[in-house]
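Trainee: No letters, just coordinates:
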C-alpha cells in the first residue's frame with residue numbers, strides 16, 4: 001500500500017496534466033505552451049496538447065485570451081507567470097462557448 005501511495009504522489013501531477021471542456025491544468029508547458037501580450041493589452045495563452053477538448057473557440061486555433069478588461073487582470077497575469085516560473089501546478093479556466101476562449105480565472109497550487 002505504501003508503494004502505491006508513493007507512486008501516486010510521484011505521477012499525480014502528470015496524471016492531472018490535461019485540458020478538458022472547461023480549462024487546462026498542469027505544470028509548466030503541460031498547462032501552457034507560451035504566454036504573450038499583444039498590442040491590444042490582452043494576454044494570449046497558448047493551450048497545450050488536448051486543446052481540442054476545450055469548449056470554446058481558440059484564437060487562431062491555439063490561444064486562450066486573458067482580457068485586460070478582466071477585474072483582476074493584473075493578479076491573474078501575475079499568477080500565471082509565477083506558476084510557470086516556479087513550476088507550480090496551474091489551472092486555467094475558460095468561459096465555455098466563448099468566441100475567443102476567454103479566461104475566467106486561474107489558480108496556482110502550492
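Mentor: The structure has been received and is ready for your questions. Worth saying up front: this structure is predicted, and the values here are computed from it rather than measured.
Trainee: Residue 100 reaches residue 59, doesn't it?
Mentor: Yes - using Cβ atoms under 8 Å, residue 100 makes contact with residue 59 at a distance of 5.5 Å. From N, CA and C alone the C-beta is placed, and that goes for glycine too.
Trainee: Helix or strand with the lowest mean pLDDT in this structure?
Mentor: helix 2-16 (a mean of 44; mean pLDDT, DSSP states H and E).
Trainee: now stretch 71-81, how far from the centre of its chain.
Mentor: 12 Å (Cα atoms, centre = their mean, to the nearest Å).
Trainee: Please point out which parts of that stretch sit buried.
Mentor: Using 16 or more other Cβ atoms under 10 Å as the test for burial, stretch 71-81 gives 73, 76, 77, 79, 80.
Trainee: residue ranges for the strands of the protein, please.
Mentor: For the chain, applying DSSP state E gives strands covering 18-20, 23-27, 34-37, 43-46, 63-66, 89-94, 103-109.
Trainee: what packs against the fifth one?
Mentor: So the one you mean is strand 63-66. strand 43-46, helix 73-86, strand 103-109 (3 or more Cβ pairs under 8 Å, 6 or more residues apart in numbering; DSSP states H and E).
Trainee: Would you mind checking the average pLDDT for stretch 37-51?
Mentor: The pLDDT scores in stretch 37-51 average 95.
Trainee: tell me how far the ends of that stretch are from each other?
Mentor: 20 Å (Cα to Cα, to the nearest Å).
Trainee: for stretch 49-66, same thing?
Mentor: Start-to-end span of stretch 49-66 (Cα to Cα) is 19 Å.
Trainee: thinking again about what came up before, touching both of residue 100 and residue 59, which residues are there?
Mentor: Here residue 100 and residue 59 have residue 65 as joint contacts, going by Cβ atoms under 8 Å, 6 or more residues apart in numbering.
Trainee: Quick one: closest of the strands of the chain to residue 52.
Mentor: Among the strands of the chain, strand 18-20 comes nearest to residue 52, with 8.0 Å by Cβ to Cβ.
Trainee: ok, now which ones touch the residue nearest in space to the middle of the chain?
Mentor: Central residue of the chain (Cα atoms, centre = their mean): residue 92, 3.3 Å from the mean position. Going by Cβ under 8 Å, 6+ apart, residue 92 touches 23, 24, 25, 31, 32, 45, 64, 80, 103, 106.
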